[in-house]
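Student: give me coordinates for this.
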Amino acid sequence: MAITRLTDIITVFDSKWTYGDVKFGYDGEVNQDHDTQYPLMLVNPPESIIPAIYDGREEYSFEINFYNLYSQAAQDVVTLQKRWDNLQDLSNEWLDMVLKNYQDVTVEAYLNDESIEIERVKDTNNDKLVQIKLVFTMSAFTKCFRPVSNYPSDFADLAVWLRADSGVTFDIPTKRISAWADKSGQGNDVAQSNKPQQPLRYGYGGINDKEYIGFDTINDTFISNANSPIGTEFTIFEVSKIDSSSTSVFTYERAGISIDVGLNSIGQFETTVSDGIAVLTKRTGIDNTGGNHIGILKKSNKSINLEYYDSSNSILANETNSGFNHSTEFNANTFNVGNYNSEVSELIVYNRALSDAEIADVRGYLNLKYKIY
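Tutor: Residues are numbered from 1 along each chain as shown. Next up is the predicted model:
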C-alpha cells in the first residue's frame, strides 16, 4: 500500500499554486514580514484522524485561505465582489489541479464527498486583503497497519543499536548527555561521565529534522561500558553529518588492532580495519565534509566493503588483503562513538557480515527514516 504523508500532500498543494506565494502556517503569520507576493495561499496545519484502521487511511481536515490585495485605490478600478470572484476562480482552479494529480489509481488520496466549504472574508490581517476560506477533508493512505517494514532487530546478531531518538540520558538545561542506552537488547550501552566531554542532545533540527547527538569539541565522545562485542566479522551502519576532516563516528583500538569509520584527513569518508600489521582501507575518493549520509562498513574474511550514500552520491568499494589475519577479533577493549564537529543520528553494529539483501533492508529502513537519497 502506498505511503502518502502530510509532507507529500503539502508538496502537491504547493506545486499546483502557481499564481503567487504559498505558506504553510497560521493566519496570524500572513505577511508578517511585509514581503508577500500576492495572491497568497495559506495552508493551515490540518487536524487529522485515522477512522478506519484496517483501511490504513487518514482523514485530513484542511482549512486553506487565499488572499489578495484590495487597497483603497483599487476600489476605483474593480469592485470588491469582482476581486472575490477572481480569487475564488483561482482557488477552484488550484483545487481542480490538486484532484487531477490524485486521479491516477496508483495514488491513494481523494476528496471526501460534500466536505468542501467556501467562505468570503474581508479586511484581514496586516494588509487590506480579500480572503477566500476553503475547508475540506481529504483521505490519504498513510500506512497499511500490518508489520511489513524491516527493522534492524529483525536480523540476527544485532550487537549495538544507538538511536538519537531513544535511550538518551541528558541534563535538560545544558543538553549534556551522560549515557546512551543500547536498544539492541545486548546491553552495549555507551556513556561519558566527564561533563566537558559530554555531547549534546538536540530534539529536532538534524537529518530530516530528526533528533541528533551533537559533538562540538575535539574531546567529545562516548565510551562503551563494556568491551566491544565484535568478533572476526561484522557490519557497521552509521547515519551522520561530519563537518570536519579527521573525525570518526566509530572507533576501536587495542595494540594496533583497530576499526575506524569517519572522515580522513582530506575529508573523504573512509573505513579502516587493522589486524595490528596488515590494514584494509577504503575511501570514497571525493570530499564528503558536511554531507548528511549513510555509511556502511562490512568486514568479511580478508576483505572489507564500503558503502556510502548521500543526496547525490552512491559509492560502493571493496578492498582485499591476502595477508590480513582473519582470526583477529575486535573485542579486547571498549569502543568509542563520536568525535569533533559531527552530528550522529544512528549507529548499528552486527557481529557478522550481513548478506547484500540484509544490508539493503537495513539501509532501506535508515533511508525511509532519514530521507538521505
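Student: residue 212 contacts residue 343, doesn't it?
Tutor: Yes. Taking Cβ atoms under 8 Å as the definition, residue 212 is a contact partner of residue 343 at 4.5 Å. C-beta coordinates here come from the backbone N, C-alpha and C atoms, glycine included.
Student: overlap in contacts, those two.
Tutor: 206, 241 (Cβ atoms under 8 Å, 6 or more residues apart in numbering).
Student: state the pLDDT value of residue 97.
Tutor: At residue 97, the predicted lDDT confidence score is 86.
Student: next, count neighbours for it.
Tutor: 15 (other Cβ atoms under 10 Å).
Student: now do the same contact list for the closest residue to it other than its chain neighbours.
Tutor: Residue nearest to residue 97 in three dimensions, not counting chain neighbours: residue 16, with 4.2 Å by Cβ to Cβ, 6 or more residues apart in numbering. Contacts for residue 16 (Cβ under 8 Å, 6+ apart) come out as 94, 97-98, 101.
Student: who does residue 262 bridge with?
Tutor: residue 248, residue 270 (DSSP bridges).
Student: from residue 90, how far out is the residue nearest to residue 97?
Tutor: From residue 16 across to residue 90, the span is 11 Å (Cβ to Cβ, to the nearest Å).
Student: coming back round to it: who wins on neighbours among the contacts of residue 16?
Tutor: Of the contacts of residue 16, with other Cβ under 10 Å as the count, residue 94 tops at 21 neighbours.
Student: secondary structure class for it?
Tutor: helix (DSSP: H, G, I helix; E, B strand; the rest coil).
Student: same thing with residue 9?
Tutor: Residue 9 ends up helix, using three-state DSSP.
Student: you'd agree it is up against residue 138?
Tutor: Yes. Using Cβ under 8 Å, residue 9 is in contact with residue 138, at 7.0 Å.
Student: could you find the closest non-adjacent residue to residue 6?
Tutor: Residue 6 sits nearest to residue 60 (Cβ to Cβ, 6+ apart), 6.9 Å away.
Student: now that neighbour: how far from residue 141?
Tutor: 12 Å.
Student: so between the two, which is more surrounded?
Tutor: Ranked by neighbour count (other Cβ under 10 Å), residue 60 and residue 141 place residue 60 first, with 20 against 17.
Student: report the buried residues of stretch 333-344.
Tutor: Using 16 or more other Cβ atoms under 10 Å as the test for burial, stretch 333-344 gives 334-344.
Student: residue 87 and residue 51, how far apart?
Tutor: 32 Å.
Student: so the two - more neighbours on which side?
Tutor: residue 87 (22 against 10).
Student: need the pLDDT of the nearest residue to residue 352 once chain neighbours are set aside.
Tutor: Spatial nearest neighbour of residue 352, excluding adjacent residues (Cβ to Cβ, 6+ apart): residue 157 at 4.5 Å. At residue 157, the predicted lDDT confidence score is 98.
Student: number of nearby residues for residue 157?
Tutor: 17.
Student: and if you look at residue 307?
Tutor: Residue 307 has 22 nearby residues by other Cβ under 10 Å.
Student: ok, residue 283 to residue 263 distance?
Tutor: From residue 283 to residue 263 the distance is 9 Å (Cβ to Cβ).
Student: these two - which one has more neighbours?
Tutor: Neighbour count, other Cβ under 10 Å: between residue 283 and residue 263, residue 263 has more, with 29 against 19.
Student: list the contacts of the more buried one.
Tutor: 242, 244-248, 269-270, 288-289.
Student: switch the cut-off to 10 Å
Tutor: 240, 242-249, 269-270, 283-284, 287-291, 295, 339, 341-342 (Cβ atoms under 10 Å, 6 or more residues apart in numbering).
Student: pLDDT score assigned to it?
Tutor: 98.
Student: cool, residue 219 as well?
Tutor: On the pLDDT scale, residue 219 gets 79.
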